[in-house]
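Trainee: any chance you can model this:
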Amino acid sequence: MRVQYVPEKVELTLRDPEKRIVVENSDHGVVIHSAPHNFTRREKIRVIRYLAAEGFISDEFEDFATPDSRMPTPIAWGADPKLAISQPSGLRRVDRLMLQLFVSVSILWLVQLALAFLISR
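Mentor: Residues are numbered from 1 along each chain as shown. Predicted structure coming up:
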């Protein structure tokens, strides 16, 4: 069964770890662009199955890389250095943690000031 509508070009950001890809569909096949050396073979298979399940590429790729799978449409991977993510996701988590810590400490400080003011009256 084929998908009714498959977009010609889609840019996605995948998580765990965070990676950007561009998917281009045409009559001749599917081209997936990612940063150089960004995916292992196993990750590529997982990404192709995910893209098929979500409707970004044809449904015929849901069984990609199984022993009995025959793919009439080829898939090609291209390397594009512009798709490399500049800040690692680990640093984003640290930034988020520091922001939460700063806000929590500020609220605690304001509560302490309010209590000190009420007790001094």
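
Trainee: next one: phi and psi at the spatially closest residue to residue 8 that is not a sequence neighbour?
Mentor: Distances taken as CB to CB, 6 or more residues apart in numbering put residue 25 closest to residue 8, at 5.6 Å, once the chain neighbours are dropped. For every residue, glycine as well, the C-beta is placed using N, CA and C. Phi and psi for residue 25, reported as degrees, to the nearest 10, are phi -100, psi 140.

Trainee: make 24 the starting number, not 1.
Mentor: Taking 24 as the first residue, the last one we looked at is residue 48.

Trainee: how many residues are close by residue 48?
Mentor: Using other CB atoms under 10 Å, the number of residues around residue 48 comes to 19.

Trainee: partners of it in the sheet?
Mentor: On the basis of DSSP bridges, residue 48 is bridged to residue 53.

Trainee: what sits against residue 101?
Mentor: 54-57 (CB atoms under 8 Å, 6 or more residues apart in numbering).

Trainee: any idea how far it is from residue 119?
Mentor: 32 Å (CB to CB, to the nearest Å).

Trainee: and stretch 63-78, average pLDDT?
Mentor: The average pLDDT for stretch 63-78 rounds to 87.

Trainee: with stretch 42-55 instead?
Mentor: Rounded mean pLDDT across stretch 42-55 is 87.

Trainee: hmm, who's touching it?
Mentor: 29-37, 56-58, 61-62, 70-71, 74, 79-81, 84, 96-101, 103, 106-108.

Trainee: got the end-to-end distance for that stretch?
Mentor: 12 Å (CA to CA, to the nearest Å).
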